[in-house]
Structures are given as C-alpha cells and as structure tokens.
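Take this sequence and fold it.
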Amino acid sequence: MMKPGTLILHVAARFLVPLQLLFSVFLLLRGHNEPGGGFIAGLVASGAFALYLFTFGAVMTRDLMRIDPRNLIGIGLFLAMISVFPAWFQDQAFLTSQWWPVMLPGGTEIKLSTPLIFDIGVYFTVFGSVMLMLVALTETEER
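Predicted coordinates for the structure are as follows:
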C-alpha cells in the first residue's frame, strides 16, 4: 500500500489542486483567441489530479473524481463528434465554426461556438485518458 505523503505535500496539494483546476478552465476558455485549448487544459487538469493521486492515493482520487475515467473519454469523444453537425446541417464545409449569441441576465452577451464544444470534448478525452493510465498504474502499485 502506498505510504501517505509528507505534511508539506498534503497541505500543498489541498491548495494547488483547486488552483490548477481553475487554471485549466482558464486555458480551455481562452484557447480560441490565444494559445491554449482543450488539449493543454486537459493535461493541466490531469496534473492537478495526479498531484492529488500521489498525495492521497488511488481510492481517494477515484472518490474525488466521481466519474470513471473511461466514461469521461466517451463523453469527450461524443462532444467532439457532435460539434461537426451544426455546420453539416447548414450545408457548410465539415468542421466549419458556428457561433450562437446568448444573452445573460444583466444584458451581457456571450457567444457559444462549435470550437468550444470540440475543445471541451478534447479536454474530457485527454483528462480521462491520462487519469485512466495514472490510476491504473497506482492501483497496481498499491496491491
């Protein structure tokens, strides 16, 4: 069984994991205008959970994730695939970006898009793949 990490690692993990997850969402959302996007954001999020995994073990990490990594891979692939259909239904080229303005309460307008749906799919797929490998390797080590 894996020995618990040091006190410093436990304290650092509790502060760094939420910050890394917040940074991964930032990278995901800014990926269309500047460097970033679903792939690197998924790697940053899996890095946060890897820190938690190495600190607290596989069982606690699975409890924190709440969703099996294989399901995340499937959800991600599904989202990436459905992002191609809006252009197809508009008789446009495959993977042509579509944008939809959405008014939020207070008069703020945001634009949702098919590239964002695709990037969220890539995010879930990368995150699920890395976590599936890390948890499987750690569980093998704990036995």
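
What ranges in the protein fall below the confidence cut-off?
By pLDDT under 70, the low-scoring segments of the chain are 1-5, 32-35, 141-143.

where exactly do the helices run in it?
7-30, 38-56, 58-65, 69-82, 85-89, 114-142 (DSSP state H).

What is the first one packed up against?
On a contact count with 3 or more CB pairs under 8 Å, 6 or more residues apart in numbering; DSSP states H and E, helix 7-30 meets helix 38-56, helix 114-142. All C-beta atoms are positioned from the backbone trio N, CA, C, and that covers glycine.

let's see 7 Å
With contacts defined as 3 or more CB pairs under 7 Å, 6 or more residues apart in numbering; DSSP states H and E, the packing partners of helix 7-30 are helix 38-56.

Okay, angle between the helix it packs on and helix 58-65 too, please.
Angle of helix 38-56 versus helix 58-65, following axes from the mean of the first three to the mean of the last three CA atoms, to 10 degrees, is 130 degrees.

Any idea how far helix 38-56 is from the middle of the chain?
Its chain's average C-alpha position is 9 Å from that of helix 38-56, according to CA atoms, centre = their mean, to the nearest Å.

Let me know which of the helices of the chain is the nearest to Gly106.
Comparison of the helices of the chain against Gly106 by CB to CB identifies helix 7-30 as nearest, at 19.2 Å.

Done for today, thanks.
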